[in-house]
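Peer 1: could you look at this predicted model? Sequence included:
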Amino acid sequence: RLPALHWKLRKDIPHGAGLGGGSGNAAGALCLLEHWVGPPGADAQQLLRLAMSLGSDVPFFLQAQGLAELRGGRGELRLASAPAPVAACVIAVPPFTISTAAVYGALDAREDTTASRLRSDPSAHPAATPGPNDLTPAAQKVEPKLRDWLRQVQDLAALTMSGSGSAHFAPAPSLAAAQDLAVR
């Protein structure tokens, strides 16, 4: 018999922004349940299957080791990884959301994507350099307002879309530069 559990979740990461908030919360919940229900790591493959059934980014958050990673499959395939750079970053979130399922549905499978190139040569990815995000054209197809929003902010910084959008990010050379960019 499983113990009764009750917890309250406070969500600060915007929904539909491609920042992994829901997936991170799901992975955190799985870790809490694993802790309360049985010995940690008792059946890692079963936990991974459950994570995959909840969403493609959940395995990443469940298995993340503090690395910058490129994942494939349903998030369970580590295609490339590198030490996560210590850097300041600005995240810009437009005033609308984009459905992850719709973006993947609009993705043209015939396009030569970074992920397909990396399956044959994972070392080809410059992990410390953001972009390009192969989902950007599909996100702009799903939500045409994204293209207009980018036109308004593109003069401020070179932005890269996060996940399946709508949020974009720009690395900055220092915390002061990030704060200045955020104000602008």
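Peer 2: Received, thanks. Numbering: from 1, shown residues only.

Peer 1: can you map out the helices along the chain?
Peer 2: 21-37, 44-54, 58-63, 100-106, 114-120, 136-142, 145-153, 175-183 (DSSP state H).

Peer 1: counting by contacts, list what the fourth one packs against.
Peer 2: Taking 3 or more CB pairs under 8 Å, 6 or more residues apart in numbering; DSSP states H and E as contact, the helices and strands that helix 100-106 lies on are helix 136-142. Every C-beta, even on glycine, is put in place using the N, C-alpha and C of the backbone.

Peer 1: what is the helix it packs on packed up against?
Peer 2: Looks like helix 136-142 contacts helix 100-106, helix 145-153 (3+ CB pairs under 8 Å, 6+ apart).

Peer 1: centre of the chain to that helix, how far?
Peer 2: 16 Å (CA atoms, centre = their mean, to the nearest Å).

Peer 1: please identify the most buried of the helices and strands packed on helix 136-142.
Peer 2: Of these, the one with the most neighbours on average (mean count of other CB atoms under 10 Å) is helix 100-106, at a mean of 16.

Peer 1: coming back round to it: CSV for the helices and strands packed on helix 136-142, including distance to Pro85 and mean pLDDT?
Peer 2: As requested, the helices and strands packed on helix 136-142 are exported to CSV (distance: least, CB to CB, whole Å; pLDDT from 0 to 100):
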stretch, distance to Pro85, mean pLDDT
helix 100-106, 25, 91
helix 145-153, 23, 93
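
Peer 1: turn those into CSV, including distance to Trp7.
Peer 2: Output for the helices and strands packed on helix 136-142, formatted as CSV (distance: least, CB to CB, whole Å):
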stretch, distance to Trp7
helix 100-106, 25
helix 145-153, 34
